[in-house]
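[1] Provided below are the primary sequence and the corresponding predicted coordinates.
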Amino acid sequence: GQNIDQPTEMTATEGAIVQINCTYQTSGFNGLFWYQQHAGEAPTFLSYNVLDGLEEKGRFSSFLSRSKGYSYLLLKELQMKDSASYLCAVIGKTDKLIFGTGTRLQVFP
Amino acid sequence: DVKVTQSSRYLVKRTGEKVFLECVQDMDHENMFWYRQDPGLGLRLIYFSYDVKMKEKGDIPEGYSVSREKKERFSLILESASTNQTSMYLCASIQPGPVYNEQFFGPGTRLTVL
């Protein structure tokens, strides 16, 4: 079967660093995506990891360990506008993205 | 800079009506998808299509059908709308793998069935 787990909710303070974890069990693996979704809007792409390691893109970084079935999204220098849901998704051999239920992040001043 | 568009942002229909949700992408992608999103349940795949006239069931196809007559257009059809189909519907497209770029989403259609 396929299963993707991430925390339901997280809170953090403006200027801080937050790490959102994602664990997965899938029957095939061709990469892991992270998306950001503000309330009432469509998801927007943040990152795609297919090889182990850390990929940095500005304030956001994404890490993947294929052997552990684990990824995290790291957000640095948090801003109020980072309050959103963060979706972890795995793509298998069939070109389909399977999504977790998302992590709602609230950033407080 | 338009990539994936959906025919309506908001739609209100009555129980039993036939509902058409249209999606168009301008990136020449083979793969297109329809999801619904509900609080606490995340994005769930309804149907997807790998090519014109091809379709495959996703995780929750019951009560829905799809049509892909042209590469750029993927339609979701609710044959007889029911109140439990009130949801946010998202269309998406992506180029085939095995190495991927991003999956692009449309703006979503919030459907209310009364």
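    Cool, the structure landed. Please read all numbers here as calculations on a predicted model, not as lab measurements.
[2] Could you pick out the residues of chain A near chain B for me?
    If contact is defined as CB under 8 Å from any CB of the partner chain, the residues of chain A in contact with chain B are A:30-31, A:33, A:40-45, A:48, A:50, A:87, A:89, A:91, A:93, A:95-102. For every residue, glycine as well, the C-beta is placed using N, CA and C.
[3] what pairs with the helix-or-strand element of chain A with minimal mean pLDDT, and is each one parallel or antiparallel?
    Taking mean pLDDT, DSSP states H and E as the measure, the helices and strands of chain A show their lowest mean at strand A:97-99, namely a mean of 90. In the sheet containing strand A:97-99, its partner strands are strand A:84-91 (antiparallel), by DSSP bridges.
[4] Can you spell out which helices and strands pack onto the helix or strand just after the least confident helix or strand of chain A?
    Reading on from strand A:97-99 to the C-terminus, the next helix or strand found by DSSP states H and E is strand A:103-108. Applying 3 or more CB pairs under 8 Å, 6 or more residues apart in numbering or on different chains; DSSP states H and E, we find strand A:103-108 packed against strand A:9-13, strand A:18-25, strand A:84-91.
[5] Please identify the most buried of these.
    When the helices and strands packed on strand A:103-108 are scored by mean count of other CB atoms under 10 Å in any protein chain shown, the highest mean neighbour count falls to strand A:84-91 (a mean of 24).
[6] gap between that strand and the chain center?
    Using CA atoms, centre = their mean, to the nearest Å, the mean C-alpha position of strand A:84-91 is found 5 Å from that of the whole chain.
[7] quick one: it to strand A:103-108, angle?
    Relative orientation of strand A:84-91 versus strand A:103-108 (axes from the mean of the first three to the mean of the last three CA atoms, to 10 degrees): 150 degrees.
[8] Using CSV, list the CA coordinates for strand A:84-91.
    Included here for strand A:84-91 are C-alpha records, laid out as CSV according to Å, rounded to 0.1, in the frame of the first residue of the first chain:
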residue,chain,number,x,y,z
ALA,A,84,0.0,28.1,5.0
SER,A,85,-0.4,24.4,4.6
TYR,A,86,2.6,22.4,3.4
LEU,A,87,1.9,19.3,1.3
CYS,A,88,4.2,16.4,0.9
ALA,A,89,3.7,14.2,-2.2
VAL,A,90,5.4,11.2,-3.6
ILE,A,91,5.4,10.2,-7.3
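[9] hang on, the earlier thing: residues in contact with the least confident helix or strand of chain A?
    Strand A:97-99 is contacted from outside by A:2, A:4, A:26, A:33, A:87-92, B:33, B:35, B:42-45, B:92, B:94, B:103, using CB atoms under 8 Å, 6 or more residues apart in numbering or on different chains.
[10] starting at the chain centroid, how far to it?
    Here strand A:97-99 is found 12 Å from its chain centre; the criterion is CA atoms, centre = their mean.
[11] Would you confirm that residue B:112 contacts residue B:8?
    No: checked against CB atoms under 8 Å, the pair residue B:112 and residue B:8 is beyond contact range at 11.4 Å.
[12] Have a look at these two and say which one is more surrounded.
    Between residue B:112 and residue B:8, counted using other CB atoms under 10 Å in any protein chain shown, the more crowded position is residue B:8 (16 against 13).
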